[in-house]
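Trainee: Sequence and predicted structure below; questions after.
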Amino acid sequence: MSALKERIASEMKAALLSGNRFRGDVLRNLKAAILNEEVSLGKREDGLDDAEIEKVVAREVKKRVESADLYRKNDRAELAEPEEQEAEILREFLPEQLSEAEIVAIVEDVVASMDDVSMQKMGQVIGAVKQKVGNAADGALIAKIVKEKLTK
């Protein structure tokens, strides 16, 4: 079992034993999402490595953030707040996120290393940046920065 998966399991157990039902349920749902990913990738026996688990966590955080945004846009703050709290708990299991300035610097390096960069190659630039940063940056933020750089 990967170290991250063990950490999630032990923190879930600790939360449930301490009576923090909300946190325990969030982590239980995360474990279920990891299990679903293992099954869909055919890795049930071996399990996912930490990088793959981080991708699952990042996807779960993105779902919560998008849901909270929709609730806020529709004046449903009482529904947005639990989603935001869940996202905060899940973020604890992601690597520290890069700042926008750090992402801009990486994007500029990637663009400088590629020749004949245009808007048609936006996907390639985003892919190269994501490969460098892994789960330490949000994909939407990367895409926004790349688009800004390529339109200048």
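Mentor: That came in fine, so what should we check first? Treat the numbers as computed from the prediction; the structure is a model and nothing was measured.

Trainee: For the residue nearest the centre of the chain, which residues are in contact?
Mentor: Closest to where the C-alpha atoms of the chain average out (CA atoms, centre = their mean) is Ala58, at 1.8 Å. Residues near Ala58 by CB atoms under 8 Å, 6 or more residues apart in numbering: Leu94, Asn135, Asp138. (Glycine included, C-beta is placed from N, CA and C.)

Trainee: rerun that using 7 Å as the cut-off
Mentor: Leu94, Asn135 (CB atoms under 7 Å, 6 or more residues apart in numbering).

Trainee: Need the phi and psi values for it.
Mentor: phi -60, psi -40 (degrees, to the nearest 10).

Trainee: Look up how far Arg91 lies from it.
Mentor: 9 Å (CB to CB, to the nearest Å).

Trainee: again with Ala14
Mentor: 18 Å.

Trainee: of the two, who's got more company?
Mentor: More neighbours surround Arg91 than the other of Ala14 and Arg91, with 16 against 13 (other CB atoms under 10 Å).

Trainee: distance of that one from Val26?
Mentor: 11 Å.

Trainee: just Lys43 next, same as before
Mentor: Per CB to CB, Lys43 is found 23 Å from Val26.

Trainee: which one in the protein is furthest away from the centre?
Mentor: Taking CA atoms, centre = their mean, the residue of the chain most remote from its mean C-alpha position is Asp116, at 30.8 Å.
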